[in-house]
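Chemist: Test case, fold it:
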Amino acid sequence: MSTRRRPMKRREAMEEKDVILSNGLKVHYYEWPGPKPTLVFLHPSSGYGRMWEETANHLASRFHVFALDQRGHGASDRPDGDYSAEEYANDLHLFFTKVGIDKAILAGQSLGGRVGIVFAAEHPERTIGLALVGGPHMSNFYPTRQAVISVLGAAQRMLDSETEFPSKEAALAYLRKLRPRDRDEVLRHRLEHNLNPAGAGWAVKYDKVRVALGLAHMADDLRKYAVRTACPVAILRGSRGSELTLEDAKLVAGCWKNATVIDVEGDYALQMENPKGLAEALIRWSA
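Modeler: Numbers count the residues shown, from 1 in each chain. Next up is the predicted model:
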C-alpha cells in the first residue's frame, strides 16, 4: 500500500471533542492532530474510542488520528433503531463530512471491522485502506448454522452480563474474571475510561441491549461488500490468539481483491495488548 506523507512533525496532544451529525446523533471522539494521511480507529462491541490511545500515541507523528465512541458506546448517543454495520457506516460517513475528512485509512476491531468493511465498499473514494485488527469474524463470511448459534449465544451473554458495580474494586474483580489475559494496566484503563459514576456505584459506558443487537449482526454475510472493495486490506491477526487461525485468515483474505495477512504479537485486542507492535505493523503496511 502506498500513501504520500508530509514531513514528520512533533507528536501533538490528544484532543477530546463532541460533534452532532446531520442525522442528529451526538458522537464523542478523540483526535491526535498530525500529518496526512488520516487514520480512523473504530472500536469493538462494548469498547470505547480511547482504547486506541497508546496505539495512536505511537502514530501521531505520522498520521492525523481519530478514534470514535460509536453509537451506543462511550459518551456518544444511544438512540433506538438500527445497530447494523450499515447504520454504523452511515454514521461514519456523516462524521467524515462533519469534521472535514476527505479520505482515510480505517482500522477497526470486531464491530469496528464490520463497519470498515461496509464503509470501504460503499465509499471507495473516501477509503485509502482497511485494517482489520484481530481479523474479521469468520461468521460474517461463512454464516453456517453453527456459526449463527455461536453468534446468538454471544448476544445472549451480553444481555446477561453485569453492567453495574458497587465500587471500582468490584468492577475490577469482574473484569479480571472476564478478561484473564489482560494486563493489570489494561484493565485499569478500561475502568478509567469505560465506567461512569451511577448512584452509589459505577456503571459501564455502553448500552448492553444495543451492544447485543449489534453482536447479532456477526451472522450477517459481508462477502457482498468484500468483493466490491477496491482499497488494500490488512488482516492483522494476533499471533498467539485462537480467534482467527492463520489458515482461516488466509481463507477469508481471498474474499477481497487485495488482502494481506499480517501477524502481530498478541491474542486479539492488539490495541490494548501490544499497542506499539500494532502501530509498527500499521506503519509498515501503509508505507
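Chemist: Averaged pLDDT, stretch 36-56. What do you get?
Modeler: Stretch 36-56 comes out with an average pLDDT of 98.
Chemist: which residues of this protein fall in strands?
Modeler: Chain-ordered strands for the chain, with DSSP state E as the definition, fall at 15-20, 26-32, 38-42, 64-69, 104-109, 127-133, 164-165, 195-198, 201-204, 233-238, 259-264.
Chemist: most centrally placed residue in this protein?
Modeler: For the chain, the residue nearest the mean C-alpha position is H43 (2.5 Å; C-alpha atoms, centre = their mean).
Chemist: That residue reaches F66, doesn't it?
Modeler: No: H43 is beyond contact range of F66, at 11.8 Å (criterion: C-beta atoms under 8 Å). Backbone N, C-alpha and C define where each C-beta goes, glycine included.
Chemist: mind listing what K208 touches?
Modeler: S46, M158, L159, S161, T163 (C-beta atoms under 8 Å, 6 or more residues apart in numbering).
Chemist: give me the beta-bridge partners of N196?
Modeler: According to DSSP bridges, the partner residues bridging N196 are A203.
Chemist: Turn the contacts of K208 into TSV, including distance to F96 and neighbour count.
Modeler: Shown next, in TSV, are those (distance: C-beta to C-beta, whole Å; neighbours: other C-beta atoms under 10 Å):
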residue	distance to F96	neighbour count
S46	24	23
M158	29	21
L159	32	12
S161	32	14
T163	31	19
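Chemist: Please flag which of the residues you listed sit within helices.
Modeler: If you go by DSSP state H, those have M158, L159 in helices.
Chemist: and the two most separated of the contacts of K208?
Modeler: Spatially, the most separated pair among the contacts of K208 is S46 and L159, at 12.0 Å (C-beta to C-beta).
Chemist: quick one: common contacting residues for H43 and F66?
Modeler: Counting by C-beta under 8 Å, 6+ apart, H43 and F66 have no shared contacts at all.
Chemist: and which of the contacts of K208 is nearest M14?
Modeler: Taking C-beta to C-beta as the measure, M14 lies nearest S46 of the contacts of K208, at 21.6 Å.
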